[in-house]
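Participant: Sequence first, then the predicted structure, then my questions.
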Amino acid sequence: MSPIDDFSVQPIEQRLETLAKRQSHLMIWFFLSMTLAIAIGVSFFFQKEMIYRVFDLSTHVQVLDLPYHVQDLIPFKEPIDYFFNLLSWVGWLFIKVFGALIGAFLLVYWAKKLKFFQRRFQSWTQRFVAWLIAFILIWSGLSYLQYDWNDDTEQAYQHWMSYRTNIIESQIAQDLQRTNISPTEKAYVLAQVALLHPSVDRKTANVYVNQLIDVEKNNPTQFNHYDFQPEQLWVMQQQLYGRSVTATTQALDERAQQAQWISQIANVILWALIVLVLGLSGILYMLAKHLKNRRLRITQKLDV
């Protein structure tokens, strides 16, 4: 007997159970595909920054780069590994998205096996509210773990650089005033501090970056002796002026163009993937809905 004939002679209860299992499997694949679509959508927000970091560049100042002589002023021991922190943030984001989505489904699934919840999960609305509560709880728990495990060094850096209205109020500016470091090195550090301020202090940063530009144009030999990071100078000029102003930063424009080109390709690929995954999710949902309606029609005919 063929599988189709065998299915046709199965008891009606067994056929309904088979349809219900197929619907459940399709819904599981639907939610997994939607989870993947959300993850791809989230990647739009950080893919450009990640690609620029591969080329040792950035779309805005993220790292406080200190000249060799200034590093002795750090009032705490270990510097922050900003690239590792970025990777850690991305990793935690994926863990929270997938962990909260899948964990919420598993909690609702296990809760339905308990008699107490079986009476309360009769409708789709009740199950969705339960899933939403589980999602929020799991996300909150993972967020607590993420920030609880963070090193206190980053907070120490923020405290060292913090100020309200004037950059002179910051502890790092006061420490620089008590040293014999050249004005150019001070300008290099304070320009970064102004751009790293929670509300970017463009006016202050512009003053110090202009000072760096003047020194490089008027005395390039002396400027090269400071051993400033060209990538950091490039980021500061791009963030303030949208272009490279000096010879040191213009040499990095070709590298930035490569990063931009790869970022544009990545955007196209991500758009194609999200359209493909959403289309697949729609097909899975329609198939699951079709099986549900078919099961309901059979049940209604049996009741009649």
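Facilitator: Now that the structure is in, tell me what you want to look at.
Participant: Show me what the strand or helix carrying E185 is packed up against.
Facilitator: E185 belongs to helix 183-196 when elements are defined using DSSP states H and E. In terms of contacts (3 or more Cβ pairs under 8 Å, 6 or more residues apart in numbering; DSSP states H and E), helix 183-196 is packed against helix 171-177, helix 202-218, helix 230-241. C-betas here are computed from N, CA, C, even on glycine.
Participant: Among these, show me which one is buried the most.
Facilitator: helix 230-241 (a mean of 21; mean count of other Cβ atoms under 10 Å).
Participant: Show me what that one is packed up against.
Facilitator: Counting contacts by 3+ Cβ pairs under 8 Å, 6+ apart, helix 230-241 is packed against helix 183-196, helix 202-218, helix 247-250.
Participant: where does the chain dip in pLDDT?
Facilitator: 1-10, 75-86, 115-126, 146-153, 303-304 (pLDDT under 70).
Participant: And the helices in it, which stretches?
Facilitator: Assignment of helices within the chain using DSSP state H yields the ranges 3-8, 12-43, 47-54, 82-111, 115-118, 124-148, 153-161, 171-177, 183-196, 202-218, 220-225, 230-241, 247-250, 253-303.
Participant: Need the residues that contact stretch 259-269.
Facilitator: Stretch 259-269 is contacted by residues 44, 47-48, 51-52, 54-55, 57 when judged by Cβ atoms under 8 Å, 6 or more residues apart in numbering.
Participant: Buried ones among those residues?
Facilitator: With neighbours counted by 16 or more other Cβ atoms under 10 Å, the contacts of stretch 259-269 contain buried members at 47-48, 51-52, 55, 57.
Participant: nearest residue to P183 other than its sequence neighbours?
Facilitator: Leaving aside its chain neighbours, P183 sits nearest to Q211 (7.4 Å; criterion: Cβ to Cβ, 6 or more residues apart in numbering).
Participant: how near is the nearest residue to Y208 once chain neighbours are set aside to F98?
Facilitator: Of all residues not flanking Y208 in the chain, A191 sits nearest, at 3.7 Å (Cβ to Cβ, 6+ apart). Using Cβ to Cβ, to the nearest Å, we find A191 at a distance of 40 Å from F98.
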